[in-house]
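Q: take this sequence and fold it.
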Amino acid sequence: MKKVLLAGLVQRETAAVEILVGMTWPGVSCFSLPRCLTLSVPHQSRAARSCSFCVIDVAGFGMRHHSTDAQKRLIEFIAGRPALLILRGAHGRRWARLCRAPETTGLDYIRAPYTPAELRRSLGMLLDAPVPEPSSPLARRPLTRGSSQPSDNMKNLYRLFPALVNHPPFRLVNQLRKLSGDSLVQLDQGATLLIDHKMGWLACSCPLDRLIEMQKNPGRGQITTLRLSREQMKAAFRDNIQSRRDKTVLPLDQALWELAGGALEHVDLDAGSDLTLRLETMPNLTRLARVRAIDIQLAAVCIHAPQNLRTLLEAFAGKRNDVLRFTALSLASGLAEAAPAPAARHRLTTSQTPAQRRQAGFFRSLLDKLMS
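A: Okay, here's the model as predicted:
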């Protein structure tokens, strides 16, 4: 009989998972380690160590914030078993990257809050058991964050900046954004790239700086792409990248931001239209090499609420090219989406919409009213 270890979950959530597993997989049993009051890693009894699978709420281990020490303790607790991590809030991004890393196997994650259908599907993947067909469109969404329609963002980018269509250094970024799933990219200059849009990572056989220089001098070099199966992807990573000392393995959005930033260096952008920019994910500015002070300001403003490009240009007078550069990098990296600009002129939006305020909870809404 398969046994699943539930660790770090609150009592109510533990009971819900046990009921779901019992109703869906009669041949699977659960063993739970209650969440410690100190939010620390619990001691594993012999029964806990005998479980073949783990479901872990990292917040219950006191690991809401990722660190090298926390990662080491979590890996030691899992001890090589397939595991599903429950992540909460924006702080789970680095834990998600650990699950998506090509050298990591057997780890997956689900973001709370989640629906029963999403949890059932994720547990089914963990147990390698058949999962009942979900009954709602929401349940059919993949649990891992993927690139949503990469070509749409690039169409908006080229509509805003028509000159980039024939800008040679931008050719590699455009090619990478067209890919989906597991792909191998071979450059004539000798670099090999592996891209997984669904899991969100890029691996390269050379340092990122060298790849940026390659795209600046494309010449007549060819870019060859090949779609791979999951097993071919693992073999390609092992044969072309894993053993190289100067390899690069990065989150895909970070790699695309850096590549696009290198391609747009010393380029004066000119917007051919207007749009509303909606930043869906905050750029990891502490990890990016090409970050300016205004990038931090623009990210803070655009993550708060959608912003009209013309309004941003007026608000940051004298920084026109920096604003356009941030817009281009956000779209090229897939961190932002664009919508048509409203017909009427708008002020810079610094407050949440009514729907966002209701979602923030009673106390947050009360503070917003008091501070506004």
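
Q: wait, doesn't residue 258 sit right on residue 207?
A: No - between residue 258 and residue 207 there is no contact under Cβ atoms under 8 Å: 11.1 Å. Every C-beta, even on glycine, is put in place using the N, C-alpha and C of the backbone.

Q: who has more neighbours, the two?
A: Set side by side, residue 258 and residue 207 give different neighbour counts by other Cβ atoms under 10 Å, the larger being at residue 258 (24 against 15).

Q: for residue 293, see how far away the nearest residue to residue 312 once chain neighbours are set aside is.
A: Among residues not flanking residue 312 along the chain, residue 323 sits closest, at 5.2 Å (Cβ to Cβ, 6 or more residues apart in numbering). With distances taken as Cβ to Cβ, to the nearest Å, residue 323 is found 13 Å from residue 293.

Q: these two: which has the busier surroundings?
A: Neighbours per residue (other Cβ under 10 Å) separate residue 323 from residue 293, with residue 323 holding more: 24 against 9.

Q: how about that one, secondary structure?
A: The assignment at residue 323 comes out as helix when based on DSSP: H, G, I helix; E, B strand; the rest coil.

Q: does the nearest residue to residue 215 once chain neighbours are set aside lie in a helix or a strand, and which?
A: Spatial nearest neighbour of residue 215, excluding adjacent residues (Cβ to Cβ, 6+ apart): residue 172 at 4.4 Å. Per DSSP states H and E, residue 172 falls inside helix 171-178.

Q: how about residue 226?
A: strand 223-227.

Q: can you give the distance of the following helix or strand past that strand from its chain's centre?
A: Counting by DSSP H and E, the next helix or strand C-terminal to strand 223-227 is helix 230-240. Distance, stretch centre to chain centre, for helix 230-240: 22 Å (Cα atoms, centre = their mean, to the nearest Å).

Q: list the buried residues for helix 230-240?
A: For helix 230-240, burial by neighbour count (16 or more other Cβ atoms under 10 Å) applies to 233-234, 236-237, 240.

Q: tell me the angle that helix makes with strand 223-227.
A: 140 degrees (axes from the mean of the first three to the mean of the last three Cα atoms, to 10 degrees).

Q: quick one: residues in contact with helix 230-240.
A: With contacts defined as Cβ atoms under 8 Å, 6 or more residues apart in numbering, helix 230-240 is touched by 102-103, 182, 184, 192, 194, 196, 203, 205, 228.

Q: cool, stretch 278-291 as well?
A: With contact meaning Cβ under 8 Å, 6+ apart, stretch 278-291 is reached by 90, 93, 251, 253-254, 257-258, 261-262, 265, 295-296, 299, 302-303, 306, 330, 333, 335-339.

Q: then that stretch to CSV, C-alphas only?
A: Output in CSV follows, covering the C-alpha atoms of stretch 278-291 (Å, rounded to 0.1, in the frame of the first residue of the first chain):
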residue,chain,number,x,y,z
ARG,A,278,-0.3,45.2,-16.6
LEU,A,279,2.7,43.7,-14.7
GLU,A,280,1.6,40.2,-13.7
THR,A,281,4.8,39.2,-11.8
MET,A,282,7.4,41.4,-10.1
PRO,A,283,10.8,41.2,-11.8
ASN,A,284,13.4,39.7,-9.6
LEU,A,285,15.4,42.9,-9.6
THR,A,286,18.0,41.7,-7.1
ARG,A,287,19.1,39.0,-9.6
LEU,A,288,19.1,41.1,-12.8
ALA,A,289,22.3,42.6,-14.0
ARG,A,290,20.8,45.4,-16.1
VAL,A,291,18.7,47.3,-13.5
